[in-house]
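In: Pasting the sequence and the predicted model now:
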Amino acid sequence: MQPRRVNELEHDGRRLTPTTTTSSIRTGSASLRPSPLAGRVAVVTGSTRGLGLAMARVLGRSGATVVVSSRSAAHVQAAVDALRTEGLDVTGLTCDTTVLSDVEALRDHALAQGTLAIWVNNAGVSGVYGPTASTPVDDFTTVVRTNILGTFHGSRVALPVFLEQGFGDLVNLYGEGDRGPVAMQNAYASSKRWVRQFTETLQRETRRSRVRVHGMNPGLVTTELLTRITAQKGYEGRLDVFPVIIALWGRTPAEAASPLLRLVTTTRPVYRGLHGLSLVTRAVRSIATGRLRATNRARLQVSTLDPEDASRRGDDR
């Protein structure tokens with residue numbers, strides 16, 4: 001399926017280029033606010049809750065028409081309703097990013113809203129915690145399909161649109177493992193290493209164009225992806241220290257999403273939420289504000305998986 005050609009925008013009888021900045025009026029307020037993304041349509045996959053929803057909110061508050069998506073129609077409608085109550089221009093569509101035709105439909109839906117200028121590949125899953133040798137094959141495959149194939153599908157449908165119209169910002173989400181191995185989280189960590197290599201390759205392939213490709217590692221974000229964990233039987237105890245780690249370095253979805261605006265309005269190739277000195281300053285701030293107290297720590301929801309039971313279920317199919 002070939003992407004449809006996107007024409008220039010018109011506003012008050014004059015043509016706008018993609019970088020034109022207009023002002024928006026907040027309902028009930030007499031003041032004008034800069035809208036750096038006015039006239040642009042932005043897609044965020046996996047954006048009906050957590051970090052994805054927060055990123056959709058950041059883009060919408062900056063003037064973009066936002067398209068939210070997830071595999072659940074109910075979650076999509078709830079996210080659309082919530083963002084519209086905030087006065088944001090938002091629409092949504094169900095989409096399984098592992099299915100190319102779903103992602104193509106999401107692109108076409110976005111093009112119907114106007115000039116598609118931003119695409120964020122955020123949809124992802126974490127996988128079962130435990131050694132690779134006993135990781136259920138179905139679980140590993142799910143992580144690969146969602147984190148790797150989903151990122152490829154989103155990039156594959158968005159980039160031809162951007163290249164044809166001569167501009168656009170593609171953002172791929174990094175995560176723990178994009179810089180090196182992480183024991184007991186091999187599926188997730190390896191997938192994020194792939195996303196980083198894939199993104200850096202796209203940056204080389206598009207460097208002679210005006211299309212910008214960015215990598216974004218938001219750091220530890222206190223969402224269900226982080227706090228709801230399935231662990232292989234016998235490895236649950238290794239997660240006991242995790243609430244302390246989250247207390248020291250965890251960020252709210254709103255905090256983690258805020259740098260997205262800087263990425264899609266600059267040529268910056270990558271953003272990292274936690275690195276170098278920021279690790280120290282974040283930890284000191286967390287201790288000073290009492291986040292390390294047991295009563296303030298995030299509560300993990302850990303479910304246990306017996307790999308032998310999972311293997312037997314697979315043999316029965």
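Out: Now that the structure is in, tell me what you want to look at.
In: so who does Arg196 touch?
Out: 174, 178-179, 215 (C-beta atoms under 8 Å, 6 or more residues apart in numbering). Placement of C-beta: from N, CA and C, glycine included.
In: again, but for Asn172
Out: 121, 151, 155, 195, 198-199, 202, 213-216.
In: and it, that's in a strand?
Out: Yes - using DSSP: H, G, I helix; E, B strand; the rest coil, the assignment for Asn172 is a strand.
In: For Ser155, identify the helix or strand it belongs to.
Out: The secondary structure element spanning Ser155 is helix 150-165 (assigned by DSSP states H and E).
In: need the longest helix for this structure.
Out: With residue count as the measure and DSSP state H as the assignment, the chain has helix 186-205 as its longest helix.
In: Could you check that helix and say which residues are buried?
Out: Within helix 186-205, the residues that qualify as buried by neighbour count (16 or more other C-beta atoms under 10 Å) are 186-196, 198-199, 202-203.
In: Let me have the contacts of Asn172 in TSV, adding distance to Ala79 and pLDDT as columns.
Out: TSV is the format used below for these (distance: C-beta to C-beta, whole Å; pLDDT from 0 to 100):
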residue	distance to Ala79	pLDDT
Asn121	17	98
Thr151	21	98
Ser155	23	98
Val195	24	98
Phe198	27	98
Thr199	26	98
Leu202	28	98
Val213	26	98
His214	23	98
Gly215	25	98
Met216	20	98
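In: so what's the residue lying closest to Trp194 once chain neighbours are set aside up against?
Out: In this structure, Trp194 finds its nearest non-sequential neighbour in Ile148, 5.4 Å apart by C-beta to C-beta, 6 or more residues apart in numbering. Ile148 makes contact with 191, 194-195, 198, according to C-beta under 8 Å, 6+ apart.
In: Which one of the residues you listed is nearest to Arg61?
Out: If you rank those by distance to Arg61 using C-beta to C-beta, Val195 comes first, at 26.4 Å.
In: Surely that closest one is in contact with Thr151?
Out: Yes - contact between Val195 and Thr151 holds when scored by C-beta atoms under 8 Å: they sit 5.4 Å apart.
In: joint contacts of the two?
Out: Here Val195 and Thr151 have 172-173 as joint contacts, going by C-beta under 8 Å, 6+ apart.
In: follow-up on the earlier one: list just the nearest of the contacts of Ile148 to Glu224.
Out: Of all the contacts of Ile148, Ser191 has the smallest distance to Glu224: 17.9 Å, by C-beta to C-beta.
In: can I assume that closest one is in contact with Arg145?
Out: No - counting by C-beta under 8 Å, Arg145 is not a contact partner of Ser191; they are 9.6 Å apart.
In: Thr45: which of the buried residues of helix 186-205 is nearest?
Out: Out of those, the one with the shortest distance to Thr45 is Val195. That distance is 12.9 Å, counting by C-beta to C-beta.
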